[in-house]
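K.L.:
With the input below, show me the fold.
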Amino acid sequence: MFKHSQPNGRRPRIAVAGATGRVGSALIASLASEPLDLVALTRNPNAEGLPVGATIAAVDFDAPSTLDEALRGADRLFLAHGTSPRQVANEIALIDAAVAAGVGQIVKLSTMGPPSQLHPMDWHMQIEAHLATLDIGYTVLRPSTFVDILARAGTPVADDAWGGAAGSGVVNLIDTRDVADAARVALLDDAHPTSQRVYHLTGPRAVSMPEVAEEISKLLGRTIRYQQRSPAEQREKLLASGLSEFVADVLLGLDRLFYQSVMAETTTTFKALTGREPRSVAGWLGENISKFRK
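P.N.:
Below you'll find the predicted structure:
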């Protein structure tokens with residue numbers, strides 16, 4: 001928690017961009033009991049699922065003054081944005097508005113991975129490069145792929161049609177709740193408010209999609225197989241399921257990284273930050289096995 005009192009004895013003010021997203025919503029929930037003023041930034045103030053106990057601030061990236069207004073008086077900003085072609089421009093606009101508003105620390109949700117032309121990895125690289133040019137404290141969270149991506153396999157598993165182009169490559173998936181817990185620690189840290197840091201976050205171990213199929217099989221009591229496909233075959237399947245070309249290409253990019261075991265490393269960063277082990281893939285599957293039932 002912040003150790004230093006704020007000007008005029010007011011409570012610290014934390015703005016959360018991406019408050020209705022998977023990480024942002026979990027973060028808001030974990031901060032709700034703290035003596036803070038929380039501001040949830042949203043492009044749709046009438047949307048369902050907006051956090052209770054936070055001030056709702058509507059933002060319009062085509063109207064920069066709304067960003068300035070939303071961030072007025074904020075001490076720290078959590079920055080997340082859904083994957084989209086506007087991600088770079090929108091996040092940079094929020095970063096610049098935060099600097100102009102006098103925000104002291106930004107916690108940016110990024111992604112783990114090597115320099116790449118794949119979306120959204122390349123977009124995060126551009127945003128981080130901009131952040132590095134500014135005189136502001138920041139913490140960049142670089143998690144591996146979220147375990148929640150397995151929820152996309154729910155209907156295909158139920159229909160005995162799950163597969164992809166990941167082969168037997170391994171990836172260290174992380175629970176979004178753990179990413180939110182790491183963000184919470186970074187936002188409340190008052191020991192080094194002006195430092196510029198990067199944290200690489202992973203789950204406890206890497207797994208392959210065939211291993212995930214084995215775990216689902218145990219939980220369902222029937223045999224589930226991960227059907228190996230070529231990238232072209234998988235793209236055709238994704239498009240046939242109704243996904244846009246943009247989303248299909250993002251998912252194919254992930255399959256490519258999984259196939260090459262690009263994100264197989266295991267870090268101890270999460271435990272060092274929070275004092276506990278990260279949640280496992282098996283644990284997430286156990287909690288969410290209903291998504292895979294017929």
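
K.L.:
drop to CA atoms for contacts and neighbour counts, all remaining ones
P.N.:
OK.

K.L.:
correct me, but Y259 touches V207?
P.N.:
No: using CA atoms under 8 Å, Y259 is not in contact with V207, being 11.4 Å away.

K.L.:
Now do the shared contacts for the two.
P.N.:
Shared between the contact lists of Y259 and V207 (criterion: CA atoms under 8 Å, 6 or more residues apart in numbering) are residues V170.

K.L.:
I'd like the distance from stretch 186-196 to the chain centre, please.
P.N.:
20 Å (CA atoms, centre = their mean, to the nearest Å).

K.L.:
Ramachandran angles for the spatially closest residue to L201 that is not a sequence neighbour?
P.N.:
Among residues not flanking L201 along the chain, P143 sits closest, at 4.4 Å (CA to CA, 6 or more residues apart in numbering). Backbone torsions of P143, given as degrees, to the nearest 10, read phi -80, psi 160.

K.L.:
Distance-wise, check P143 relative to I174.
P.N.:
7 Å (CA to CA, to the nearest Å).

K.L.:
Just give me the neighbour total for the closest residue to D181 other than its chain neighbours.
P.N.:
Leaving aside its chain neighbours, D181 sits nearest to L27 (6.9 Å; criterion: CA to CA, 6+ apart). Around L27 there are 24 other residues, counting by other CA atoms under 10 Å.

K.L.:
about what we covered before: could you pull out the residues contacting both of P143 and I174?
P.N.:
Counting by CA under 8 Å, 6+ apart, the residues touching both P143 and I174 are 201-202.

K.L.:
what's the helix or strand for H200?
P.N.:
strand 196-201 (DSSP states H and E).

K.L.:
quick one: average pLDDT of that strand?
P.N.:
Per-residue pLDDT over strand 196-201 has a mean of 94.

K.L.:
Packing partners of that strand?
P.N.:
strand 137-143, helix 269-274 (3 or more CA pairs under 8 Å, 6 or more residues apart in numbering; DSSP states H and E).
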